[in-house]
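Peer 1: What follows is a protein structure lacking sequence information:
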């Protein structure tokens, strides 16, 4: 079983490296600005308190290689509680985005979230995800993605599944 897993892993790595050498991933290689709208479905310690979250973010992707980009983003997210109270946070994250093909990418970010309301506190963010960047012109694309976010903080963690759609130029 161990040999099978190792063999599959090496086969996957060989396939990805061959695909990277033969394709134009990603296109074009230059800094990119992202504007995203997000909807979040909370879980974890706060899953019983929050129904849904909505937000928006702006970000910058800076090329490191043809396929790897350093990322940074900041935004606003509001969670709507079941008792009709709203909690608003300002998440700020940095990380990396890797393009497996011209359109498909994986992304991981870390950062902090600052609560706007008194007593909301701050949280450490870990956010892995994946998405697709569909070109609409030579210099712009539409992004769609899914991300798991874990916000670790005193008083309980906020875990969420976030869906995003955005425009990249």
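Peer 2: That came through, no problem. From a predicted model like this one, the values you see are computed outputs, not experimental measurements.

Peer 1: and residue 163, what is it in contact with?
Peer 2: Going by Cβ atoms under 8 Å, 6 or more residues apart in numbering, residue 163 touches 38-40, 145-146. Glycine gets a C-beta too; all of them are placed from N, C-alpha and C.

Peer 1: From residue 69, how far out is the residue lying closest to residue 41 once chain neighbours are set aside?
Peer 2: With sequence-adjacent residues excluded and distances taken as Cβ to Cβ, 6 or more residues apart in numbering, residue 41 is closest to residue 161, at 4.9 Å. Computed with Cβ to Cβ, to the nearest Å, the distance linking residue 161 and residue 69 is 23 Å.

Peer 1: neighbour count winner among the two?
Peer 2: residue 69 (22 against 14; other Cβ atoms under 10 Å).

Peer 1: Need the pLDDT of the more buried one.
Peer 2: The confidence metric pLDDT takes the value 97 at residue 69.

Peer 1: Same question for residue 66.
Peer 2: Listed pLDDT for residue 66 reads 92.

Peer 1: Quick check: it touching residue 29?
Peer 2: Yes: Residue 66 is within contact range of residue 29, at 5.5 Å (criterion: Cβ atoms under 8 Å).

Peer 1: who's in contact with the helix or strand hosting residue 52?
Peer 2: If you go by DSSP states H and E, residue 52 is part of strand 50-63. Residues outside strand 50-63 that contact it (Cβ under 8 Å, 6+ apart): 29-42, 69-82, 87, 91, 97, 158, 160, 162, 164, 168.

Peer 1: What segments of the chain are strands?
Peer 2: Assigned by DSSP state E, the strands in the chain fall at 32-44, 50-63, 68-81, 86-99, 104-115, 122-135, 141-152, 158-168.

Peer 1: low pLDDT regions in the chain?
Peer 2: Applying pLDDT under 70 to the chain flags residues 1-28.

Peer 1: ok, 90 please
Peer 2: Scanning the chain for pLDDT under 90 picks out the ranges 1-29, 43-51, 81-86, 102, 118-121, 138-139, 153-158.

Peer 1: and residue 36, what is it in contact with?
Peer 2: Residue 36 is in contact with 56-59, 73, 75, 143, 164-166, counting by Cβ under 8 Å, 6+ apart.

Peer 1: Mind doing that once more with 7 Å?
Peer 2: When contacts are counted by Cβ atoms under 7 Å, 6 or more residues apart in numbering, residue 36 touches 56-57, 143, 164, 166.
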